[in-house]
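**Q** Okay, here's the prediction I keep looking at, along with the sequence it came from:
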Amino acid sequence: MVALHPDENATTRPFGRTPTPVIWRAMLAIDQGVVNLAGRLRVTGGVPRTLRDRPLLMAANHIGVFDAFVLMAACRRIGLAPRFLLAGGLLDAPVLGKALKASGHLRVDRGSASAVEQFADAVREMRTTRAPIIVYPEGRISHDPGLWPERGKTGAARLALAADVPVVPISQWGAHEAVYWGTETVKGLADIVPLARSGFTSPLRRPTFRVHFGAPVDLAEFSASRPGDGVRAHAKIMRAITDGLVPLRRGEPDVPRFHDPTRPTDTRSPWRPAPR
C-alpha cells in the first residue's frame, strides 16, 4: 500500500525547459482558478526530476467529467504542463478544438479507418515530445458501482512500449463529487441541466480532490513486438493506478459516499482489491 502525505513532494515548480504554448499556459492558469473554486486540491507523490523535459506517458483513472480539470491543476502544481491524448470530436469542435490543437494535444479516433495511422503518428510524437502526455487507459468514465477502474484498453500500454517511454500512473479521487456524470452524449439542454446544477453547488460543498503521482511502472520485461505483452503491460499499469487509489479513498472501499444518480453501474472492475 502507498503511504500518502498531502502535498508531499508536490511543490510548485516552473514548467521547465519544455516550450509551452501561450494559449495552453493561459488555459492552465484559468483551470487552476476553477478547480480552487470548486473544491480543495490535495496532491501527493511527484514526477522524478530525471523524467522531466523528456518523453513521458502518464496514465490516469477516469472518475468523472471534472477530473481532467483536476489533473491539469495537479500537474500545474508540481510544475508540469501536460498534453492529453484526445478524441477527435473534441479537436474538431469549432472554438475549443482550435485552442486544443494550438496547445499541442494528440488526436485519436478509436475504431476509425485512420486509427492505425494515428497510432503510428502518436508513437513518433511520443518519441520526440518533451511535454508529458496524459491518457485514460479506460477510455471512458468508470461504470463500476464502486468507481474502481474498468478493464480498459491496451492502447496506452502499446504506445508506451512502441515509443519506449516511461509510464507514471496517476490515481485520483474526489473529482466525481464536483459534477454529475450526466450522460454519455449531450443531445440537448436537458442533458446539461444535471451537470450544471451539481457544478454550481460544488463551491458550497467544497469536495476534496486527491491526486497521487505514483512511481514509474517498470515495463522493462515487456516488448512491443512480443504477442501478449501489450495486455500484460496494460494490466501492470492498471494495477499501479489501483494501488495508488486505495489510500486516496480510505473509508470508501465499497462504493463512493457521494451518490450520483446519473452514473451507470453496469460493469465490474477486474482490478478492484479483494476485501480485507
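**A** Good, I have the coordinates. Residues are numbered from 1 along each chain as shown.

**Q** who's in contact with A131?
**A** Going by CB atoms under 8 Å, 6 or more residues apart in numbering, A131 touches 18, 20, 81-83, 104. Quick note: C-beta positions are derived from backbone N, CA and C, even for glycine.

**Q** sorry, that was for R140
**A** Shown in contact with R140 (CB under 8 Å, 6+ apart): 62, 150, 184.

**Q** if we can go back for a sec, report the buried members of the contacts of A131.
**A** The neighbour-count criterion (16 or more other CB atoms under 10 Å) marks 20, 81-83, 104 among the contacts of A131 as buried.

**Q** tell me which of those residues is nearest to A122?
**A** Lowest distance from A122 to the buried ones among the contacts of A131 (CB to CB) belongs to R83, with 11.1 Å.

**Q** hey, what's the closest one bridged with?
**A** Note on R83: beta-bridge partners by DSSP bridges are I133.

**Q** Quick check: it vs L57, distance?
**A** Using CB to CB, to the nearest Å, R83 is found at 11 Å from L57.

**Q** repeat for V70
**A** Per CB to CB, V70 is found 19 Å from L57.

**Q** next one: P149
**A** For P149, the distance to L57 - CB to CB - is 16 Å.

**Q** Is there a neighbour count for the closest residue in space to T267 that isn't next to it in sequence? I'd like the number.
**A** Sequence neighbours aside, H143 is the residue nearest to T267 in space, at 4.3 Å (criterion: CB to CB, 6 or more residues apart in numbering). By the criterion of other CB atoms under 10 Å, H143 has 16 neighbours.

**Q** isn't there a strand covering L86?
**A** Yes - membership of L86 in a strand is supported by DSSP: H, G, I helix; E, B strand; the rest coil.

**Q** wait, it sits on K101?
**A** No - the pair L86 / K101 is not scored as a contact, 9.6 Å apart, by CB atoms under 8 Å.

**Q** pLDDT below threshold where in this structure?
**A** Residues of the chain meeting the criterion pLDDT under 70: 1-18, 87-92, 109-115, 276.

**Q** follow-up on the earlier one: more crowded one of P149 and L57?
**A** It is P149, of P149 and L57, that has more neighbours when counted by other CB under 10 Å, with 25 against 22.

**Q** count of residues packed around the nearest residue to that one once chain neighbours are set aside?
**A** Spatially, and ignoring its direct neighbours in sequence, P149 is nearest to N61 (4.7 Å; CB to CB, 6+ apart). By other CB under 10 Å, 28 other residues sit near N61.

**Q** ditto for the one 4 residues further on
**A** Around V65 sit 19 other residues, with neighbours defined as other CB under 10 Å.

**Q** Report the contact partners of it.
**A** 141, 179-182, 195.

**Q** Which two of the residues you listed have the greatest separation?
**A** Spanning the widest gap among the contacts of V65 are I141 and L195, at 12.4 Å by CB to CB.
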